[in-house]
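how would this look folded up:
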Amino acid sequence: MKIRFGYVANALGLWDASPSKSLTFTRYAALPKDERLEKLKFVTAQNLLHTKRILHYNIAHEIELYRLSSSLVPLATHPEVMWDFITPFKEEWDELGQLINHYKMRVSFHPNQFTLFTSPRDEVTKNAIIDMEFHYKMLKALNSLEKGILNIHIGGAYGDKEKSLVRFHQNLKGLPKEIKKQMTLENDDKTYNVEETLLACEKENIPMILDYHHHMANKEGVELPPYLERIFQTWNDKTTVPKVHISSPKSEKAYRSHADFVSLDFIMPFLQMAKALNQDFDIMIEAKQKNLAMNKLVEDISSIRGVKRISSSTVEW
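You can find the predicted model right below:
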């Protein structure tokens with residue numbers, strides 16, 4: 001069983017390398033009209049440059065799994081802006097895509113919590129589609145559609161889970177097929193548990209990302225072992241191995257919050273479950289200390305008897 005590890009957005013330790021520098025609509029609107037587009041381009045150029053620096057960091061450290069920032073382009077989906085962020089940066093997108101593909105990186109985006117398909121309000125669904133289209137355009141510009149994914153949660157329950165799930169399947173019909181093809185769903189920490197998320201994935205033929213921390217926070221009597229193989233099987237039609245999100249609680253009181261690092265004791269039951277299936281998979285670390293937490297966890301897992309570290313971010317068990 002081979003496990004690759006990755007992290008989210010920022011490579012800590014790189015100086016001033018945030019790929020998520022922002023421009024609020026208030027600041028944008030306060031600028032003279034002839035300066036607005038230049039400001040959008042300036043911030044986007046910074047974020048793309050910093051993403052390139054981070055990709056080079058990943059290459060140097062043999063990290064093949066990376067979640068790109070959803071904030072690469074400011075105001076890309078704002079109804080009063082919605083500007084062309086591809087054409088002015090075609091060379092930059094191409095260069096990033098060449099790095100990703102040459103070094104066989106698996107990249108992803110995780111649109112925000114407002115990108116959901118369970119709302120009874122049409123405008124929420126419309127905005128979710130716009131946001132998914134935005135992320136799809138970035139994946140396409142990076143020439144990363146073959147392995148790249150757009151991961152979201154099912155959404156809110158609005159007082160009635162069953163009705164909301166019916167709405168989810170109905171509203172999802174409005175998402176273009178080519179975008180749905182890039183989509184994955186993960187279980188969440190408050191509403192839709194592992195079983196409910198898996199059933200939705202199986203119905204829509206969408207791969208499921210297991211978030212182990214979310215499962216532990218939202219078990220609702222559901223035990224993981226009977227479902228793990230089915231979760232992994234939702235990836236059978238993909239060219240990539242299953243993907244799992246890993247983090248651990250900040251504290252007992254703040255159980256749903258992510259800790260700085262990942263506790264090996266906390267995730268060990270999951271690793272033993274996965275070992276029984278002997279299935280290759282990838283782990284995205286969602287700890288606050290990002291790549292530093294990833295490095296620490298790889299070291300901790302490498303110390304387990306029978307585990308062999310085969311690169312900076314990959315182990316074989």
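
Next one: residue 130 relative to residue 176, how far apart?
Computed with C-beta to C-beta, to the nearest Å, the distance linking residue 130 and residue 176 is 11 Å. Using the backbone N, CA and C atoms, a C-beta is placed for each residue, glycine as well.

Quick check on these two: which one has the bigger neighbour count.
Ranked by neighbour count (other C-beta atoms under 10 Å), residue 130 and residue 176 place residue 130 first, with 15 against 11.

what about the nearest residue to residue 174 once chain neighbours are set aside, how many neighbours?
Using C-beta to C-beta, 6 or more residues apart in numbering and skipping residues adjacent in sequence, the residue nearest residue 174 is residue 129, 5.7 Å away. Using other C-beta under 10 Å, residue 129 is surrounded by 17 other residues.

Report the contact partners of residue 129.
Taking C-beta atoms under 8 Å, 6 or more residues apart in numbering as the criterion, residue 129 is in contact with 174, 175, 176.

same question, residue 196
154, 161, 165, 187.

where does it fall, phi/psi-wise?
phi -60, psi -40 (degrees, to the nearest 10).

Residue 231 reaches residue 212, doesn't it?
No: counting by C-beta atoms under 8 Å, residue 231 stays clear of residue 212, with 10.9 Å between them.

among the contacts of residue 196, who's most crowded?
Ranked by neighbour count (other C-beta under 10 Å), the contacts of residue 196 have residue 187 at the top, with 29 neighbours.

Name the nearest residue to residue 25, sequence neighbours excluded.
Closest to residue 25 by C-beta to C-beta, 6+ apart is residue 78, at 5.6 Å.

May I ask which helix or strand encompasses that neighbour?
Residue 78 is located outside every helix and strand, with elements delineated by DSSP states H and E.

Count the neighbours of it for me.
Residue 78 has 14 neighbouring residues, counting by other C-beta under 10 Å.

Go through the chain and flag its longest strand.
strand 2-8 (DSSP state E).

buried set for that strand?
Buried residues in strand 2-8, defined by neighbour count with 16 or more other C-beta atoms under 10 Å: 3, 4, 5, 6, 7, 8.

Export those residues as TSV, with columns for pLDDT.
TSV is the format used below for the buried residues of strand 2-8 (pLDDT from 0 to 100):
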residue	pLDDT
3	98
4	98
5	98
6	98
7	98
8	98
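
how far out from the middle of the chain is stretch 127-135?
Computed by C-alpha atoms, centre = their mean, to the nearest Å, the chain-centroid distance of stretch 127-135 equals 15 Å.

Stretch 266-275 now?
Relative to its chain's centre, stretch 266-275 lies at 21 Å (C-alpha atoms, centre = their mean).

Tell me the buried residues in that stretch?
So, applying 16+ other C-beta under 10 Å, buried residues of stretch 266-275: 266, 267, 270, 271, 274.

helix or strand for residue 51, which one?
Assigned by DSSP H and E, residue 51 belongs to helix 33-60.

quick one: that helix to strand 2-8, angle?
In terms of direction (axes from the mean of the first three to the mean of the last three C-alpha atoms, to 10 degrees), helix 33-60 departs from strand 2-8 by 150 degrees.
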